[in-house]
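A.B. asks: Structure for the following, please:
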Amino acid sequence: MENNKFELQPVMTEKSYAAANALNKYTFLVEGSANKIEIAKKVEEDYKVKVEKVNTIVRPGKLRREYKTNKMYREEDKTKAMVTLKKGDKIDEFLNI
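C.D. replies: The predicted structure follows:
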């Protein structure tokens, strides 16, 4: 996937905001084909921080129906990544959204 670029989309909920403040864990939504190593490199490159650990959860795409042909299709899967940063590092842009 090194040829394909993907975006880090911050997930701002009450739970993720509390984890960012208390545990130094930040939550991002990325495309389904990204793996933990690629996610860690992208966070380090974009935010100039040191990543200790990446936990991922696959969110299956929604099942949709095409109204003209009545065929069912599934949207692309997304991956939710919880990134733990080294002690002392912060992502200020994440907390100011």
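
A.B. asks: Send me the longest helix along the chain as CSV with only the CA atoms.
C.D. replies: Identified as the longest helix of the chain according to DSSP state H is helix 36-47. This file holds the C-alpha atoms of helix 36-47, laid out as CSV (Å, rounded to 0.1, in the frame of the first residue of the first chain):
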residue,chain,number,x,y,z
LYS,A,36,-0.7,-0.9,11.9
ILE,A,37,2.8,-0.2,10.6
GLU,A,38,1.5,2.2,7.9
ILE,A,39,-0.8,3.9,10.4
ALA,A,40,2.1,4.5,12.9
LYS,A,41,4.3,5.9,10.2
LYS,A,42,1.6,8.2,8.9
VAL,A,43,0.9,9.6,12.4
GLU,A,44,4.6,10.1,13.1
GLU,A,45,5.0,11.8,9.8
ASP,A,46,2.0,14.1,10.0
TYR,A,47,2.1,15.1,13.7
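
A.B. asks: lowest confidence element among the helices and strands of the protein?
C.D. replies: helix 92-95 (a mean of 78; mean pLDDT, DSSP states H and E).

A.B. asks: Show me which residues of it are buried.
C.D. replies: For helix 92-95, a neighbour-count test (16 or more other Cβ atoms under 10 Å) marks Phe94 as buried. The C-beta positions use only the backbone N, C-alpha and C, and glycine is treated the same way.

A.B. asks: I'm done for today, thanks for sticking with me.
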